[in-house]
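1. Sequence below, structure please.
(one chain, ligands or ions: 1)
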Amino acid sequence: MDAIRVRGSQKPLVGRVQVSGAKNAALPILCATLLSDGASKLRNVPKLRDIDTTAALLRFMGRDVTVSAPEVNVAAGSDVRPEAPYELVKQMRASVMVLGPLLARFGRAKVSLPGGCAIGARPIDQHLKALEAMGATIRLDRGYVIAEGPNGGGRLRGAEVVFDLPTVTGTENIMMAAALAKGKSVLVNSAREPEVEELGRILNKMGAQVSGAGTDVIEIVGAEPGALAPFDHAVIPDRIEAGTYMIAAAMHEGSDVVLEGAEWDDLEALVMKMRMAGVQVTSEGRDIRVRRTGDIKPVNVTTAPHPGFPTDMQAQFMVLMCIAKGESVVTETIFENRFMHVPELQRMGASVALRGNTAVVQGVPRLYGASVMATDLRASASLVVAGLVAEDETEVRRVYHLDRGYEHLETKLQALGADVARVKGAEG
Ligand code: EPZ
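-> Purely as a prediction, here's the structure:
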């Protein structure tokens, strides 16, 4: 397995980073290609393992998929094999998002339950409850969800669905199911993430009638079977990748970094917290500029569904608080086990005390390089960021986690002056 080796320094990061397309927008959009025949093209797609996994899943179903980053082309095959096997779903839980489109278009689906992951149990009960409200029959059999449309595979019916809690892929799964259901659906307490809003744009491009995507109430009038068309679309920039580089820029006194193509409106909660920490964050045309001129002030943060502070930025922000002048409190409310980066940061000299879903962080004058690893995509990224200022060398292992969500991570950091390299075949 590869590792990322970072040599820490006090040399500020200076330069420009091109933000890649959003992984968490591209994944549901690729699943939406199951809703139509014909050839769809998705542009600005990052070269990531999760994209390759989704392509493999669509090919398994009989779709003809060509991945040549930054483009992915999907052509409808003759038929579809409405199945998502465990071997693929276990690699990427977002595969569960084929359930809605398969049921809506083909009336049946056999999808492996994703199982838990490092950050939590991550059930899909909200997805399944909503599909049952639309007339689907769902049964669980040996780790698989076996789903059928009404009356043994008929067309889903529009319904009013109230989510018990905002779920991003749950909202996206049901939006795609509703796009071909008979009649109108109203999704209440929907997730409001930009990636959900982007999926709404795609479904409308395909001929669906979606309104309210990006708000907590989404209305969808189902199109007639066969009425949805393929699309050609460039995906929005990745706000979490951008946020990760914004934090990296804030780690060094004197840094001046421009994130090209970052979407300001998607990052407001993070920008506010970074400004409170004393970092200069400004909007420059279609870019975001981050400058650090003084000490980092301690700032308390609590993760929340969008537009609140993103859970996917919690680990990265905690690293910034590890070098702040004082005590801060980081509270994780979305996932039950999203502090795996803490023991690794403690090995680097950070002072963090965990109390349930709360971490109390005492800023320290310096961090020390170490061999570290994490099992969460964003936690792994946070350890690379910590390594940028840690004395000596930090080796972040099991970098395949990073390759799921960060395109050309070491190249982009090198372009800013960081001493970062990929080590092939390092021990796991
Ligand atoms: C999406 O995951 C993202 N993944 C995650 O990003 C992100 O961390 C998460 O949303 C929260 O923002 C993709 O978009 C592919 P949820 P998702 O359903 O949809 C509970 C990354 O780093 N829940 O919004 O799986 C769940 O356990 C990844 O790119 C239920 O209880 O998250 C969690 O506590 C990591 N029942 C909370 O809701 C359900 O049926 C929010 O989860 C569904 C979810």
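
2. Enumerate every residue touching L402.
-> By Cβ atoms under 8 Å, 6 or more residues apart in numbering, L402 lies in contact with I4, L377, S380, A381, V384, V396, L409. Just so you know, the C-beta spots here come from the backbone N, C-alpha and C atoms, and that holds for glycine as well.

3. can you tell me the helix or strand for the third one?
-> With elements delineated by DSSP states H and E, S380 resides in helix 377-387, which encompasses its position.

4. State the next helix or strand along the chain beyond the worst-scoring helix or strand of the chain on mean pLDDT.
-> Across the helices and strands of the chain, mean confidence by mean pLDDT, DSSP states H and E is lowest for helix 400-403: a mean of 90. For helix 400-403, the succeeding helix or strand toward the C-terminus, using DSSP H and E, is helix 409-414.

5. which secondary structure elements does the very next helix or strand once past that following helix contact?
-> Sequence order places strand 419-423 as the next helix or strand after helix 409-414, per DSSP H and E. Applying 3 or more Cβ pairs under 8 Å, 6 or more residues apart in numbering; DSSP states H and E, we find strand 419-423 packed against strand 3-7, helix 409-414.

6. what does the average pLDDT come to for the first one?
-> Average pLDDT, strand 3-7: 96.

7. gap between that strand and the chain center?
-> Here strand 3-7 shows a centroid-to-chain-centroid distance of 23 Å under the convention Cα atoms, centre = their mean, to the nearest Å.

8. Pull the number of nearby residues for the nearest residue to A415 once chain neighbours are set aside.
-> Spatial nearest neighbour of A415, chain neighbours left out: G15 (5.5 Å); criterion: Cβ to Cβ, 6 or more residues apart in numbering. Residues lying near G15 (other Cβ atoms under 10 Å) number 16.

9. Any buried residues in the helix or strand containing G15, and which?
-> Element membership for G15 (DSSP H and E) is strand 14-18. Neighbour counts over strand 14-18 (16 or more other Cβ atoms under 10 Å) mark V14, G15, V17 as buried.

10. what pLDDT, on average, does that strand get?
-> 98.

11. So what does the residue in the stretch 1-150 of the chain that the ligand sits nearest to have for phi and psi?
-> Closest residue of the stretch 1-150 of the chain to the ligand, Cβ to the nearest ligand atom: Q126 (3.2 Å). For Q126, the backbone dihedrals (degrees, to the nearest 10) come out as phi -70, psi -40.

12. just G308 next, same as before
-> Phi and psi for G308, reported as degrees, to the nearest 10, are phi -70, psi -170.

13. if we can go back for a sec, other residues contacting the strand holding G15?
-> Strand 14-18 has contacts (Cβ under 8 Å, 6+ apart) with 245, 254-261, 287, 412, 415-417.

14. again, only using 10 Å
-> 237, 241-242, 244-246, 248-249, 252, 254-262, 287-291, 407-408, 411-418 (Cβ atoms under 10 Å, 6 or more residues apart in numbering).

15. Whichever of these end up buried, select them in PyMOL.
-> Buried members of these, defined by 16+ other Cβ under 10 Å, are picked up in PyMOL with:
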select buried, resi 237+241+242+244+245+246+248+249+252+255+256+257+258+259+261+262+287+288+289+290+291+407+412+413+415+416+417+418
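
16. Endpoints of stretch 220-230, how far apart?
-> End-to-end span of stretch 220-230 (Cα to Cα, to the nearest Å): 18 Å.

17. need the next SSE after the strand holding G15, C-terminal direction.
-> Next along from strand 14-18, by DSSP H and E: helix 23-32.

18. what about that following helix, near the ligand?
-> Yes - in terms of Cβ under 6 Å from any ligand atom, part of helix 23-32 sits within range of the ligand, namely N24, L27.

19. how far off helix 377-387 does that helix point, in degrees?
-> If you take axes from the mean of the first three to the mean of the last three Cα atoms, to 10 degrees, helix 23-32 sits at 150 degrees to helix 377-387.

20. All set now, cheers.
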